[in-house]
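Engineer: Sequence isn't available, so here's the structure alone:
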């Protein structure tokens, strides 16, 4: 059945031609068996053929077929060709023109012609058994209804198609805007990450310079101290190189310059201060650390801090009244685990995807960029029983 429907949609002219042949056949049967005596059979057959042509080409040339139908109607009135089976094409072309998204004059002409057809026919061929003008008027009204309905159905279909086309265009436009906003959010977040990692690398280089100056100062007097300073320089340099590799791997935009002094970046130890600050703002937060704390790469610490900050901000803004949250930091042998949950209403997944609480790309887009930068994994979504859950695993060593 579906194949038949698809075939009909792919070959509209062929389907119309089939129905035109059917109409022409029934018209010939009427002419052969029911035509008034003494009339010209050839004339009826010619008009039936032209009406069949109207059916066959109604969707390819709707305006021209409408004009042809009007001319055929006038010919019938002028030469006394009484209405017969082929005049059904008038209803079809009225419906087609009303449904077609073409010039408005054609639709108005179809409406006026349809409303006048029954009246003109009654004036030209009045009812023989009509005993009063009221009966004639009633019959005329009854015969006008099909023409009016044909136009109303066609116009309704045209309006509905236009409405759905507008909805599709709007959906397509919104989808493009959404993609554009996502790209802007990614670019903004990468610029922010670039600035922060730039500060991290600058801090590491500063440490290396200080250690190098110290090693040079005690090289002769305390070789062991100088050796320790050189080891510190080597470790700090490797860490700075790793951070720079991550930066170059994730950022493809141009240089981002920012005026001002370098400031210390947040780390894991400041998460507890962040939790206290959030508690002071009215959000009950349960904070626990599991495992043995140890020094972490600067990029991992900064990523962990920003994820917790964003998650708690969204919990406070969208969790609703009496919302509670929990933060878990788990130190594994080869990584750091984060779990941030709340039991409130939870912000919709789309808000995190579209840019977080501030709408500037610091939602899941930013979190994923940060976690991907250090080679970690992120899982976020609605929490069973209500609320929202964000979990991340940040490896201590990035995968190469």
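Structural biologist: That came through fine. Just so we're clear, the structure is a prediction, and the values are computed from it rather than from any experiment.
Engineer: average model confidence for stretch 368-387?
Structural biologist: The average pLDDT for stretch 368-387 rounds to 85.
Engineer: Then stretch 58-67?
Structural biologist: Here stretch 58-67 scores 92 as its mean pLDDT.
Engineer: Then stretch 134-147?
Structural biologist: Averaged across stretch 134-147, pLDDT comes to 87.
Engineer: distance between that stretch and the chain's centre?
Structural biologist: 50 Å (C-alpha atoms, centre = their mean, to the nearest Å).
Engineer: contacting residues around that stretch?
Structural biologist: Here stretch 134-147 makes contact (C-beta atoms under 8 Å, 6 or more residues apart in numbering) with 90-91, 94, 114-115, 117-119, 121-122, 126-127, 130. Yep, even glycine has a C-beta here, placed from its N, CA and C like the rest.
Engineer: try stretch 153-166
Structural biologist: 94, 95, 96, 97, 98, 99, 100, 101, 107.
Engineer: could these go into a markdown table alongside secondary structure and neighbour count?
Structural biologist: Formatted as a markdown table, the contacts of stretch 153-166 follow (DSSP: H, G, I helix; E, B strand; the rest coil; neighbours: other C-beta atoms under 10 Å):
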| residue | secondary structure | neighbour count |
| --- | --- | --- |
| 94 | helix | 29 |
| 95 | helix | 22 |
| 96 | helix | 24 |
| 97 | helix | 29 |
| 98 | helix | 25 |
| 99 | helix | 22 |
| 100 | coil | 20 |
| 101 | coil | 11 |
| 107 | helix | 23 |
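Engineer: now, among the residues you listed, which is nearest to residue 299?
Structural biologist: residue 101 (58.0 Å; C-beta to C-beta).
Engineer: dump the residue contacts of the closest one.
Structural biologist: Neighbours of residue 101 in contact, by C-beta under 8 Å, 6+ apart: 158, 161, 162.
Engineer: same deal with residue 24?
Structural biologist: If you count contacts by C-beta under 8 Å, 6+ apart, residue 24 has them with 48, 49, 51, 52, 86.
Engineer: Filter the contacts of stretch 134-147 down to just the buried residues.
Structural biologist: Buried members of those, scored by 16 or more other C-beta atoms under 10 Å, are 90, 91, 94, 114, 117, 118, 121, 122.
Engineer: pretty sure the second one is touching residue 150, no?
Structural biologist: Pointing back at residue 91 there. Yes - taking C-beta atoms under 8 Å as the definition, residue 91 is a contact partner of residue 150 at 4.7 Å.
Engineer: Secondary structure element for residue 51, which one?
Structural biologist: Assessed by DSSP states H and E, residue 51 sits inside helix 41-56.
Engineer: so what does that helix touch, helix or strand wise?
Structural biologist: Applying 3 or more C-beta pairs under 8 Å, 6 or more residues apart in numbering; DSSP states H and E, one finds that helix 41-56 contacts helix 12-34, helix 62-79, helix 88-99.
Engineer: what's the average pLDDT for stretch 215-228?
Structural biologist: Per-residue scores along stretch 215-228 average to 80.
Engineer: now swap in stretch 337-346 and tell me
Structural biologist: Mean per-residue pLDDT for stretch 337-346: 83.
Engineer: Show residues contacting it.
Structural biologist: By C-beta under 8 Å, 6+ apart, stretch 337-346 touches 304, 307-308, 311-312, 315, 318-320, 322-331, 382-383, 385-394.
Engineer: Which ones among those lie within strands?
Structural biologist: 324-331, 382, 388-394 (DSSP state E).
Engineer: for the residues you listed, which one is nearest residue 225?
Structural biologist: Looking across those and measuring by C-beta to C-beta, the closest to residue 225 is residue 331, at 30.7 Å.
Engineer: Just give the nearest non-adjacent residue to that closest one, would you?
Structural biologist: Distance criterion C-beta to C-beta, 6 or more residues apart in numbering; nearest residue to residue 331, sequence neighbours excluded, is residue 291 at 3.1 Å.
Engineer: residues touching that neighbour, list them.
Structural biologist: 329, 330, 331, 332.
Engineer: Give me the number of neighbouring residues for residue 15.
Structural biologist: Residues lying near residue 15 (other C-beta atoms under 10 Å) number 15.
Engineer: correct me, but it touches residue 8?
Structural biologist: Yes - Residue 15 is within contact range of residue 8, at 5.4 Å (criterion: C-beta under 8 Å).
Engineer: No further questions, thank you.
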